[in-house]
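A.B. asks: no sequence on this one, just coordinates:
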């Protein structure tokens, strides 16, 4: 593999992706924000990025905290920071001409609609999940699992086969191209999996500081029942917008080549998610402060737009807002922030399905 890829974010996913790409012969630049350089500094100090389990070895990505390096290094820019870091990244990228660049957000969480207002990238892509189950600690990224497929979509939607092949070569698994990024947003199942058990295990999280197995111990029968209800509401909203959604257990089975009959069974038996405890150590963990405002909030408001008042999803949003003393419906990635508050259902669908980037009709001749 001879391509070059810029990765924004030196956390769990970014470091796993950097190690994976380097192991396949790619040139990699790993960007760390100047105020979040802990892992990058360890890599610099050690002289390498170490990876273990599913990816083994010591790798030598370029490391930078200058966004100009990111833009110069490659036309492919992969953003792996949590959703609450998107605005900071976009404000930096907005300083550059990205009209020949492809920006990929992992995981998207309705990133493209935010990004298209601030950057002029030729394409903005979103994935429905991270490629890896991974953890970064002390300069070593441990990759517990690698997904079998990767749902992905682009805005605008007119991605040529040649470019799809180029993008496909970046990922370690086959890409599953979806109709548009709205379908991807409705498939970001971290909103189903993470917030409910985090809130329902609040006492354990606050007293045990994450010292329990989040999946096999934290997702008991009753917790799994609520998770299933949130998932049913997600699928109902997706169907209203013309999609044919899969259940959360079907999606996880496809990601890891499993055949679990229920989500509760998955939580108890999944090897990848029970290799480490994976539990939050506090209630402002990304399982809440990312997955509630950036996934559940847009789901809920899209549901309201088509006449669905999703009581389970709304309950989780309300509980998280109380626990963290934050009005997530107001501060999250709501339809007002996405520019869709006054849009009809048809206009929402049209916005996501546009064949051209909104900033330049002349882009028909590019790529």
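C.D. replies: Alright, I've got the coordinates. Given the structure is predicted, the values throughout are model-derived calculations rather than measurements.

A.B. asks: So the most centrally placed residue in the chain, which state does it fall into?
C.D. replies: In the chain, the residue lying closest to the centroid (Cα atoms, centre = their mean) is residue 107, at 1.4 Å. Following DSSP: H, G, I helix; E, B strand; the rest coil, we place residue 107 in the coil state.

A.B. asks: count of residues packed around residue 248?
C.D. replies: 23 (other Cβ atoms under 10 Å). Bear in mind the C-beta positions are built from the backbone N, C-alpha and C, glycine included.

A.B. asks: And the residue lying closest to residue 148 once chain neighbours are set aside, how far from residue 145?
C.D. replies: Closest residue to residue 148 apart from its sequence neighbours, by Cβ to Cβ, 6 or more residues apart in numbering: residue 257 at 5.1 Å. Residue 257 sits 10 Å away from residue 145, taking Cβ to Cβ, to the nearest Å as the criterion.

A.B. asks: Just want to know which of these two has more residues nearby.
C.D. replies: More crowded of residue 257 and residue 145, by other Cβ under 10 Å: residue 145, with 18 against 9.

A.B. asks: Tell me if I am right that that one is in a helix.
C.D. replies: No - going by three-state DSSP, the assignment for residue 145 is strand, not a helix.

A.B. asks: so what pLDDT did the residue nearest to residue 110 when sequence neighbours are not counted get?
C.D. replies: Excluding the flanking residues, the one nearest residue 110 by Cβ to Cβ, 6+ apart is residue 185, at 4.6 Å. Residue 185 carries a pLDDT score of 97 in this model.

A.B. asks: shouldn't residue 185 be in contact with residue 105?
C.D. replies: No - Residue 185 lies out of contact with residue 105 (Cβ atoms under 8 Å); the separation is 10.7 Å.

A.B. asks: so what sits against both of these two?
C.D. replies: Common neighbours of residue 185 and residue 105, using Cβ atoms under 8 Å, 6 or more residues apart in numbering, are residue 126.

A.B. asks: pLDDT weak spots in the stretch 151-300 of the chain?
C.D. replies: Judged against pLDDT under 70, the stretch 151-300 of the chain has no low-scoring part.

A.B. asks: hmm, 90 instead?
C.D. replies: Judged by pLDDT under 90, the stretch 151-300 of the chain has its weakly predicted residues at 272, 274-276.

A.B. asks: mind listing the helices for it?
C.D. replies: Secondary structure of the stretch 151-300 of the chain (DSSP state H, counting those that start in this stretch): helices at 161-170, 181-185, 190-193, 195-200, 202-208, 221-240, 248-256, 263-269, 286-289, 297-305.

A.B. asks: if we compare those, which one ends up closest to residue 154?
C.D. replies: Relative to residue 154, the nearest member of these by Cβ to Cβ is helix 181-185, separated by 7.1 Å.

A.B. asks: so what secondary structure elements neighbour the closest one?
C.D. replies: Identification of packing neighbours for helix 181-185 by 3 or more Cβ pairs under 8 Å, 6 or more residues apart in numbering; DSSP states H and E yields helix 111-115, strand 123-127, strand 150-155, helix 345-352.

A.B. asks: All set, thanks.
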